[in-house]
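K.L.:
structure of the sequence below:
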Amino acid sequence: MMNTESGPPGNTLNSTAMLRAVLISAIIGDFISPFLIASLTISIPVIGSDLGLDIVNLGWVISSFLLASSVVMLTAGRLGDCTGYKRIFTAGLIFSLVGCITASFASTFPVLILSLVIIGVSSGFMWATTIPLRLSAFPPGMRGRLMGHNSAAVYSGVAAGPVIGGILISYLGWHSIFLAVIPLILLNLLLVGVYVWKLADNCTKSLSGFDTGGSVLFAVAMITLIYGFSVIPGSMGFLCIGGSLVLFTVFILYEKRMASPIFDVNLLFCNRKFLLAGNATMLGYSITAGMMYVMPVFIQSIMGYSPLVTGMVYVGAALCQVIFSIIAGRLSDRLTPGYISAAGLAVAAFSLVMFLGIDTTTSLFIIAGLMMVLYTGIAFFGTPNTYALMGSVPVEKHGMAAGTIATLRRFGNQFSIAIPMMVFSIILGNVVLINVDIPDFLISFRIIIGIFVVLTVIGIVCSILQENVRWRGTLSTE
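P.N.:
Numbers count the residues shown, from 1 in each chain. Coordinates of the predicted model:
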């Protein structure tokens, strides 16, 4: 089954230099945040020891970053539709620069969390606009390749973070991972100023009727939900989760009444293609961040290896992600994307089942091999899934769709961090890493992996079902 593109073309008059600059700038934007969060996961045991944090509070090192990005992505995508994607992208770069400078000098837990919140906001701004920037600059017929570049950049950051981060942490300390990306941010600001800023805007150029109320409602609902997961099994946790569900319901009802909503409810309730592919996005990415949180703790604190050795475990996974993301993008231009993404999740599910059998005696070569299989599956899932989502909406809603996709990814990532935080809280309690009971940790580890397996299987079903839905959008399936 083949895919063909139709709909409004990109700006075919853009110069080769501008197209190259837009692509490089977007790739760097896609790379920075995943690199930082992946590097942070390797540094979690070191940060915990340096700042005296327990295993549950350590989860907030990742959660604060993910949560901040999650709550602004819909707003950022809609602002891009209104004022221009290059403006929101540039704002994200500036926030990222400020956050990294602050984090590089952080010596207390509150300052670190504040810095990560700022970086998370920058991530939300950039991730909601890098895809629309590409689509507005390049001609039609290249969507699959552009999605492949997007996924390859993201996965390169995810996989390179543990490798490069492990080296930096071992020799220069955990603050150095923030200093390392500052040159990239400055280079990107230079590219934006010289080339990208000349890109023609594909926006309404008006903030009239901007949905401020919806932005606030979504942010409060998301914060309440994630905080609730972090304090389970306490009564406050269940109360917060229940309250967040009420707030999300109010948000949906509110958005249905808005003339210019921050989130087009019809994307979900009147576009079954987007709904199913969106659910697959959330479920597929609900394993990645959780594994990045759990595995470094397992390898360093339970097995006793260094951050450098832990980073080396990810080398093969890094290569698999980059190579197969590009291949998956090209396949998406030719084959049915939903089936490709389902196959990718099936590979990921297989590797997760194998992870259930590892313990402290398992060879690092086996763990590295399983990581390669896992991230190969995620690579084949991500690009086709994004392709299907962006192709199911009209071009004038690409910013909103990109913001929604980024939000679903971040929500999945956030949920995957909340799961181990909840399980650790119930089984291990608020214990520092050096005092963790190994048998109890292994029980927690297997419960977490089991939950990830179930979520992945549901994601496979959603990916398959979305290909049986006919929809109106910028792509058609023959």
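
K.L.:
quick check: buried residues in stretch 42-61?
P.N.:
Residues of stretch 42-61 classed as buried: 42-48, 51, 53-61 (neighbour count, 16 or more other C-beta atoms under 10 Å). The C-beta positions use only the backbone N, C-alpha and C, and glycine is treated the same way.

K.L.:
so how far is the first residue of it from its last?
P.N.:
Using C-alpha to C-alpha, to the nearest Å, one end of stretch 42-61 lies 11 Å from the other.

K.L.:
same check on stretch 93-112?
P.N.:
End-to-end span of stretch 93-112 (C-alpha to C-alpha): 19 Å.

K.L.:
what does that stretch rub up against?
P.N.:
29, 32-33, 36, 47, 51, 53, 57, 61, 114-123, 125-126, 175-176, 178-179, 181-182, 185-186, 188-189, 192 (C-beta atoms under 8 Å, 6 or more residues apart in numbering).

K.L.:
could you tell me how far that stretch lies from the centre of the chain?
P.N.:
Centroid separation between stretch 93-112 and its chain, computed with C-alpha atoms, centre = their mean, to the nearest Å, is 20 Å.

K.L.:
could you pull up the mean pLDDT of that stretch?
P.N.:
In this model, stretch 93-112 has an average pLDDT of 89.

K.L.:
try stretch 15-28
P.N.:
Averaged across stretch 15-28, the pLDDT comes to 81.

K.L.:
also stretch 292-301?
P.N.:
81.

K.L.:
chain center to it, what's the gap?
P.N.:
Using C-alpha atoms, centre = their mean, the offset of stretch 292-301 from its chain centre is 19 Å.

K.L.:
what about that stretch, start to end distance?
P.N.:
End residues of stretch 292-301 are separated by 14 Å (C-alpha to C-alpha).

K.L.:
quick one: contacts of that stretch?
P.N.:
By C-beta under 8 Å, 6+ apart, stretch 292-301 touches 37-38, 41-42, 44-45, 55, 58-59, 62, 158, 162, 305-307, 309-310, 313, 364, 367, 371, 416-417, 420, 433-434, 436, 441, 445, 448.

K.L.:
among those residues, which are in helices?
P.N.:
For the contacts of stretch 292-301, the ones inside helices are 37-38, 41-42, 44-45, 59, 62, 158, 162, 307, 309-310, 313, 364, 367, 371, 416-417, 420, 441, 445, 448, with DSSP state H as the criterion.

K.L.:
in PyMOL, select just the buried ones from the residues you listed.
P.N.:
Filtering these down to the buried ones (16+ other C-beta under 10 Å) takes a single PyMOL command:
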select buried, resi 37+38+41+42+44+45+59+62+158+162+307+310+313+367+371+416+417+420+441+445+448
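
K.L.:
from memory residue 214 sits against residue 254, does it?
P.N.:
Yes: at 6.0 Å, residue 214 counts as touching residue 254 under the criterion of C-beta atoms under 8 Å.

K.L.:
with neighbour numbers in mind, choose between these two.
P.N.:
residue 214 (22 against 18; other C-beta atoms under 10 Å).

K.L.:
which pLDDT value goes with that one?
P.N.:
For residue 214, the predicted pLDDT is 79.

K.L.:
run a quick neighbour tally on the residue nearest to residue 45 when sequence neighbours are not counted.
P.N.:
Using C-beta to C-beta, 6 or more residues apart in numbering and skipping the chain neighbours, the partner closest in space to residue 45 is residue 300 (4.6 Å). Neighbourhood size, residue 300 [other C-beta under 10 Å]: 21.

K.L.:
cool, and residue 259?
P.N.:
Around residue 259 there are 7 residues (other C-beta under 10 Å).

K.L.:
quick one: secondary structure of it?
P.N.:
The three-state label given to residue 259 by DSSP: H, G, I helix; E, B strand; the rest coil is coil.

K.L.:
would you mind measuring from it to residue 211?
P.N.:
Residue 259 sits 9 Å away from residue 211, going by C-beta to C-beta, to the nearest Å.

K.L.:
could you do residue 59 as well?
P.N.:
The value you get for residue 59 to residue 211, if C-beta to C-beta is used, is 31 Å.

K.L.:
what comes up buried for stretch 446-453?
P.N.:
446-449, 451-453.

K.L.:
out of those residues, which comes closest to residue 22?
P.N.:
Nearest to residue 22 among the buried residues of stretch 446-453 is residue 452, at 35.7 Å by C-beta to C-beta.

K.L.:
who are the neighbours in contact with the closest one?
P.N.:
Residue 452 neighbours (C-beta under 8 Å, 6+ apart): 286-287, 290-291, 352, 416, 419.

K.L.:
check which helix or strand covers it.
P.N.:
Per DSSP states H and E: residue 452 is located in helix 438-466.

K.L.:
I'd like the distance from that helix to the chain centre, please.
P.N.:
Helix 438-466 sits 18 Å away from the centroid of its parent chain (C-alpha atoms, centre = their mean).

K.L.:
buried residues in the helix or strand where residue 121 lies?
P.N.:
Taking DSSP H and E as the criterion, residue 121 maps to helix 109-127. Across helix 109-127, burial judged by 16+ other C-beta under 10 Å covers 109, 112-127.

K.L.:
report the rounded mean pLDDT for the helix or strand hosting residue 383.
P.N.:
Here residue 383 sits within helix 364-391, counting by DSSP H and E. If you average the pLDDT over helix 364-391, you get 82.

K.L.:
quick one: distance of it to the chain centre.
P.N.:
Worked out by C-alpha atoms, centre = their mean, helix 364-391 lies 13 Å from the chain centre.

K.L.:
I figured residue 18 hits residue 197, correct?
P.N.:
No: applying C-beta under 8 Å, one finds residue 18 not in contact with residue 197, separated by 10.0 Å.

K.L.:
more neighbours: these two, which one.
P.N.:
residue 18 (17 against 13).

K.L.:
residue 66: what's it in contact with?
P.N.:
Counting by C-beta under 8 Å, 6+ apart, residue 66 has contacts 37, 120, 289, 410, 413-414, 417.

K.L.:
what helix or strand is the residue nearest to it when sequence neighbours are not counted located in?
P.N.:
Using C-beta to C-beta, 6+ apart and skipping the chain neighbours, the partner closest in space to residue 66 is residue 414 (4.4 Å). Per DSSP H and E: residue 414 is located in helix 398-427.

K.L.:
what angle sits between that helix and helix 438-466?
P.N.:
Angle, helix 398-427 to helix 438-466, by axes from the mean of the first three to the mean of the last three C-alpha atoms, to 10 degrees: 150 degrees.

K.L.:
helix 398-427 - what's its average pLDDT?
P.N.:
Regarding helix 398-427, the rounded mean pLDDT is 73.

K.L.:
what's the angle from it to helix 364-391?
P.N.:
Inter-element angle recorded for helix 398-427 and helix 364-391: 140 degrees (by the same axes, to 10 degrees).

K.L.:
how far does helix 398-427 sit from the chain's center?
P.N.:
Taking mean C-alpha positions (C-alpha atoms, centre = their mean), helix 398-427 and its chain are 8 Å apart.
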